[in-house]
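Undergrad: Pasting the sequence and the predicted model now:
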Amino acid sequence: MASRLENPFITSFILPEHATALYEHQYNKKLDKRPHIDEDDLAAMSEIFYDSINQDMAIVVSWFKPYKGELGKILTEWGVAKYHDIQLRQVKLVRTDGIWWIPIDQLVRVEPLNGQPYDK
């Protein structure tokens with residue numbers, strides 16, 4: 001039998017406000033806090049982005065998508081960086097099945113697709 005925390009709608013004795021609060025609590029537990037990225041890591045990620053743009057090198061990009069203030073999800077996609085929009089501070093990541101505009105301020109990790117350490 002499921003508990004009320006897992007499914008707050010199994011009984012009629014719970015108030016709708018309580019059900020909403022329980023749902024919000026469960027939802028917030030699945031969100032992550034925004035990671036801190038220092039300037040050295042950001043510079044290294046920028047270097048990999050520019051090499052991907054110039055050499056059509058496939059990369060794996062992880063970025064933070066906020067949902068509630070500092071809480072959100074870390075999304076990961078792979079592709080080739082094609083364009084860097086300086087005014088909007090975004091990078092265009094292209095793959096055959098999609099295009100993503102990734103905000104530079106939200107970057108968490110950038111690495112080559114093969115997973116090898118990046119040495120220039």
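TA: Looks like it came in fine.
Undergrad: can you give me the strands in this protein?
TA: Secondary structure of the chain (DSSP state E): strands at 32-33, 58-68, 71-85, 90-95, 98-103, 107-112.
Undergrad: mean pLDDT lowest for which of those?
TA: Note on the strands of the chain: strand 32-33 shows the lowest mean pLDDT, a mean of 84.
Undergrad: How far off centre is that one?
TA: 10 Å (Cα atoms, centre = their mean, to the nearest Å).
Undergrad: now stretch 45-59
TA: With Cα atoms, centre = their mean as the basis, stretch 45-59 stands 19 Å off its chain's centre.
Undergrad: Go through this structure and flag its longest helix.
TA: Scanning the chain for the helix with the most residues, using DSSP state H, yields helix 39-55.
Undergrad: what's in contact with that one?
TA: For helix 39-55, the external contacting residues (Cβ atoms under 8 Å, 6 or more residues apart in numbering) are 57-59, 80-84, 91, 107, 109-112, 118, 120. No exception for glycine: its C-beta is placed from N, CA and C like everyone else's.
Undergrad: Let me know the pLDDT of the most far-flung residue of the chain relative to its centre.
TA: Centroid-distance maximum for the chain: residue 13 at 38.6 Å, with Cα atoms, centre = their mean. We have a pLDDT of 72 for residue 13.
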